[in-house]
Structure formats: C-alpha cells, structure tokens
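Participant: following is a predicted model, sequence given first.
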Amino acid sequence: MKFVVLLLKRGLENPRFYIEALHIKWRYLFVLSCLISALIGLNYQIEIQPVVQNLKDNILSSTEYIPHYQVENGELKLEDKEKALYYHSEYFQLIVDDQVQNKDIHGGIQLQTKNPNQIDPSTLINLFIIKDQMILYTKGSPQIFTMNLKTFSNEEVLKDQILAISNQSLAITIIIYFACMMIAFLTYWYLMLLTGLFAGLLNVKLNMPLPLLARMKMSIITSFVPLLMIQIIRFFIPSFHVNYYLFIALIIFLIYLSFKNHTQHLHNIVKDLQTKDLTFEEFKNLVDHRLKKEEDNQK
C-alpha cells in the first residue's frame, strides 16, 4: 500500500508515473475504491440530512392529530365523534379513515374513497390505515408493504411505535450512511468501467493495446486525487457538482498524459545513449544502471 501512496504522490509531479498502476494488485485498488466511496457516501448523507430531519419532524407532528380508534374483527373503527385523519406535510402523508377501502387484489393500491382529492400522490412517504389493512409505500417505488391492522391495534400503539422509531436517531443515521456508501461504491465502479471503456480510444496510439482491466486500473489510480479534491470541496460547498462525462474526459486526458510523458521519457533515454560512443557492453551496463536508478526512485 505504501507503493500506491507513493505512486499517487509522484503522479502529481509527473503523470507518467501513473503507468505503474498496471503493476498494482487489485486488492490495493479495492481499498482505494472503499476509501473514496466512504468519503462520497459521507457527502451524500450530508446532502440529504436536511430532508431526513424534515421527514422525521413531519412524522412526529402527525402523532398530534391521530384520532382514537380500535380494531374490531380485523377492521378499523373510529370512535364516536372522531373524524378521519388526512395529514399532509412536505415529505409524509398519514391517512386514518375507516371508510376507505383498497379494492386492488393484486398487491397494488386502488382506494375507494369519497374524498379522492384529499389524497396526495406526490408525497414521498405514505402510511394509510384504512378499513381492513395498513399500507406503507414510497413515491416512485413499485414495492408496497401491507400489514394487518392488529399491528397497530389502537392509536396509542401507533404513536408509541412512531416515537420509538424517531428516537433511534443514531441507528437511522448509521443505516443511511451505509446505504449512501453502498450507492457511492456502485456508482464509483460504474464510473470506472465507463472510463475504462472510453479509454480504449487511446489504444489506437499504442503499439500494444491495453485490455479493459488494465485501463480500469489506470482509471482508478488517475481518478483518485481528482475525486478526493472534488469531495473535499463538496464537504464545504455541498452544491458543488461535476458532470460525470466531464470527469471521465479529465481522467482519460490524464491517462493520455501518462502514456505521452512515459514515451517521451523513454525517447530521452535512448537519445541520451545515442550521443555516447559506447561499446555494446558499456551500452548494456548504462541501460541497466538507468533502469535500476528508475526502480530505486519509484521505491
């Protein structure tokens, strides 16, 4: 891993050193991907934290308006003189109405209600406690969770469960962070795959074309410092974003500079040797000395 750190440092001085990424083992590159994904995931969480906090506040506020109800024979019954609840907020919608029924028999939602206009289909999180079931779903997700009404047999049980979930702030924060990190990890490798594919355009300039996995190795090494700088900037300026394709173009340009500078370096060595009047044995010794010096510098 020390070699990887040194390579990243030397690459800042001259991109030609990035060519050494071809000799790095995949396990070290995996560690780099985890490190950068952890930082990206942290910025993702910071970006969505206001939404999470607002959602939590919305859910807690809804508990003040839940009507008294009971579950009898598997059906919801509002107590006398209690009105149905249609609670709407920016990110959360709660409906408690014993006159609403879900007519869909295939696991979807087809509500039969006298007040269809009171249901907002654009709310992020939705909890419906209706005549014979409880429905939980999120906007845009095909997955709908249905539960037996006995889960929340009365309003006190429902309030207690909502408060209990809201009090698990640390656990929720950790879960959200790991979810953000996983999304960042998958996005990162997708980005490296795209960069490796587009970097194949550089093969037309090479005598020995590089396979996709070799190009991905170079993409991971050359992208680490730019990604690190972008994430540090985003940590202080969350609104700062870089277009993916612009970023890919930057990495391909750095890979191109690596090839170009490395080739120029080899040409300079050959040119320097050609200016000396050497025997074959002297020429061989000088080349070996140059190669050993380069290897020592890299170490």
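Facilitator: Looks like it came in fine. Numbering: from 1, shown residues only.

Participant: how much space between the spatially most central residue of the chain and residue 39?
Facilitator: What sits nearest the mean C-alpha location of the chain, by Cα atoms, centre = their mean, is residue 184, with 2.2 Å. With distances taken as Cβ to Cβ, to the nearest Å, residue 184 is found 8 Å from residue 39. Every residue, glycine included, has its C-beta placed from N, CA and C.

Participant: what do you get for residue 217?
Facilitator: In terms of Cβ to Cβ, residue 217 sits 21 Å off from residue 39.

Participant: before we move on, what about residue 202?
Facilitator: Taken as Cβ to Cβ, the span from residue 202 to residue 39 is 28 Å.

Participant: wait, doesn't residue 10 sit right on residue 21?
Facilitator: No. Judged on Cβ atoms under 8 Å, residue 10 makes no contact with residue 21 at a distance of 11.5 Å.

Participant: more neighbours: the two, which one.
Facilitator: Legend: neighbour count by other Cβ atoms under 10 Å for residue 10 and residue 21, higher for residue 21 (25 against 16).

Participant: surely that one forms part of a helix?
Facilitator: Yes. Residue 21 forms part of a helix when assessed by DSSP: H, G, I helix; E, B strand; the rest coil.

Participant: number of residues surrounding the closest residue to it other than its chain neighbours?
Facilitator: Closest residue to residue 21 apart from its sequence neighbours, by Cβ to Cβ, 6 or more residues apart in numbering: residue 221 at 3.8 Å. When neighbours are defined as other Cβ under 10 Å, residue 221 has 27 of them.

Participant: residue 217 and residue 39 - which one has more neighbours?
Facilitator: Set side by side, residue 217 and residue 39 show more neighbours around residue 217, with 23 against 19, by other Cβ under 10 Å.

Participant: and that one, what element?
Facilitator: Residue 217 is part of helix 212-236, with elements assigned from DSSP states H and E.

Participant: what about the strands in the stretch 1-150 of the chain?
Facilitator: 69-72, 75-78, 85-88, 92-96, 101-102, 111-112, 125-129, 134-138, 144-147 (DSSP state E, counting those that start in this stretch).

Participant: single out the most deeply packed of these.
Facilitator: strand 92-96 (a mean of 23; mean count of other Cβ atoms under 10 Å).

Participant: who's in contact with it?
Facilitator: 55, 58-59, 62, 66-67, 69, 76, 78, 84-87, 119-120, 123-130 (Cβ atoms under 8 Å, 6 or more residues apart in numbering).

Participant: show me what the helix or strand hosting residue 251 is packed against.
Facilitator: Following DSSP H and E, one finds residue 251 within helix 244-274. Secondary-structure packing of helix 244-274 (3 or more Cβ pairs under 8 Å, 6 or more residues apart in numbering; DSSP states H and E): helix 169-198, helix 212-236, helix 280-298.

Participant: which parts of that helix count as buried, going by neighbours?
Facilitator: With burial defined by 16 or more other Cβ atoms under 10 Å, the residues of helix 244-274 counted as buried are 247-248, 251-252, 254-259, 261-262.

Participant: out of the helices and strands packed on helix 244-274, nearest to residue 242?
Facilitator: Relative to residue 242, the nearest member of the helices and strands packed on helix 244-274 by Cβ to Cβ is helix 212-236, separated by 5.6 Å.

Participant: nearest residue to the residue nearest to the centre of the chain in space, please, no chain neighbours.
Facilitator: residue 40 (3.8 Å).

Participant: list the contacts of the one you found.
Facilitator: Residues in contact with residue 40 (Cβ under 8 Å, 6+ apart) are 181, 184, 187-188, 227, 231.

Participant: so which of these comes closest to residue 5?
Facilitator: In terms of Cβ to Cβ, no member of these lies closer to residue 5 than residue 227, at 15.6 Å.

Participant: residue contacts, the nearest residue to the closest one once chain neighbours are set aside?
Facilitator: Of all residues not flanking residue 227 in the chain, residue 36 sits nearest, at 5.3 Å (Cβ to Cβ, 6+ apart). Contacts for residue 36 (Cβ under 8 Å, 6+ apart) come out as 188, 224, 227-228, 231.

Participant: likewise residue 137?
Facilitator: Residues in contact with residue 137 (Cβ under 8 Å, 6+ apart) are 109, 126, 143-145.

Participant: now the helix of greatest length in the chain: buried residues?
Facilitator: The longest helix of the chain (DSSP state H) is helix 26-62. Of the residues in helix 26-62, 28-29, 32-33, 36-45, 55-56, 58-60, 62 count as buried by neighbour count, 16+ other Cβ under 10 Å.

Participant: would you mind getting the angle between it and helix 212-236?
Facilitator: Angle, helix 26-62 to helix 212-236, by axes from the mean of the first three to the mean of the last three Cα atoms, to 10 degrees: 40 degrees.
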